[in-house]
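Colleague: Okay, predicted coordinates and the sequence, questions at the end:
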Amino acid sequence: MTDIRRPRRGSMAFRPRKRAARQVPDVYWQSCDSKRVLGFAGYKAGMTHASYIDNSESPTKGQEVVGAATVIEVPPLYVYGIRCYSKGYGAQNDSIGDILISDSNILKVLGAKKAEPKKFDEAKATDVRLLVYSQPDKTRIGKKHVEKFELGVGGKDVAEKLEYAKSLLGKELRVKDLFKPGEFLDVIAVTKGKGWQGAVKRFGVSLQRPKATGKRRHVGTLGQWHPAYVLYTVPQAGQMGYHTRTELNKFVLKIGDKPEDVNPSGGFLQYGFVKNDYLLLKGSIPGPVKRLVRLRLGVRSGNVQPKDPTVSFVSVASLQ
């Protein structure tokens, strides 16, 4: 009998395959010596296709190519505070204090108490983050509740980070001031939920022949006799989708403030029309439309210098 050799069904890198705890995922921030904000966030609008000059080292270098692209609507983020961290036990840092804006109305909406500002020694800080919230009411997705999260800040030392963060307190951040076309961004989002699915769809196991067991869409065996229990490595039915996933090095094709350049005739399906700044990323990204997508300066982009891509065409044909 032929000895069949193949990789196991289903990657072990994504265990446990359970629902994400939050729809706003946490982000790991890598240190950066340049003084800048390291991330942003927006709402996935949909996909289209674009024509651009290929700047990569592929065989089509220098030629005009057509590929899929994703449109992300990125309304401004409002900076309502600064959070300082000190090195804690193990790998976890401890928050030593926040610096918040003085507008009590905004803080009330965010559920943050202004009371007396917490006195803390800024000299003990080892890292600085911006406290921001999104503004979905500026879009047409029909959402009014804001999302609060942190953004990493780059700088040579903590003092420079804190000084830069204080200069942004109480201001709005726009994506065109933070990123530029040609850069590589990491996309962190919660994927589209599929609910409870069987082993065939969830892990891609082979179908059984019709007369084997009377059933087809199941695994051939749950494991050996001993140890006398089912191992966690055996493909079984369960939750599929709604997982937090990170996709690295998404190429920024375009950053614009004219939505009519990317709005298809009739709007994006189940989203509508983009009315704010937008990002055009090469390829696809996780999550359904209208979901918050967190963006981060690429942590594995190497020393590749950004090359401004020449986008000659973005399809605005009707998707209806």
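Modeller: Now that the structure is in, tell me what you want to look at.

Colleague: contacting residues for the closest residue to G204 other than its chain neighbours?
Modeller: Sequence neighbours aside, R9 is the residue nearest to G204 in space, at 5.5 Å (criterion: CB to CB, 6 or more residues apart in numbering). Just so you know, the C-beta spots here come from the backbone N, C-alpha and C atoms, and that holds for glycine as well. By CB atoms under 8 Å, 6 or more residues apart in numbering, the residues touching R9 are F203, G204, V205, P235.

Colleague: which of these lies closest to G81?
Modeller: Using CB to CB, F203 comes nearest to G81 of the contacts of R9, at 43.6 Å.

Colleague: From the contacts of R9, list just the buried residues.
Modeller: F203, V205, P235 (16 or more other CB atoms under 10 Å).

Colleague: Just those residues: which are in helices?
Modeller: F203 (DSSP state H).

Colleague: coming back round to it: sort out which one of the contacts of R9 lies nearest T48 for me.
Modeller: Lowest distance from T48 to the contacts of R9 (CB to CB) belongs to G204, with 29.2 Å.

Colleague: For the closest one, give its distance to R8.
Modeller: G204 sits 10 Å away from R8, going by CB to CB, to the nearest Å.

Colleague: biggest helix in the chain by residues?
Modeller: Counting by DSSP H, the longest helix found in the chain is helix 158-168.

Colleague: Can you show me the strands along the chain?
Modeller: 39-53, 64-73, 77-87, 93-100, 127-133, 148-152, 172-173, 184-190, 195-197, 238-240, 244-256, 278-282, 292-297, 311-314 (DSSP state E).

Colleague: and the angle for the second one with strand 278-282?
Modeller: Going back to what we said before, that points to strand 64-73. With axes from the mean of the first three to the mean of the last three CA atoms, to 10 degrees applied, the angle from strand 64-73 to strand 278-282 works out at 140 degrees.

Colleague: Please apply the same query to the longest one.
Modeller: Using the same axes, to 10 degrees, the inter-axis angle of strand 39-53 relative to strand 278-282 is 60 degrees.
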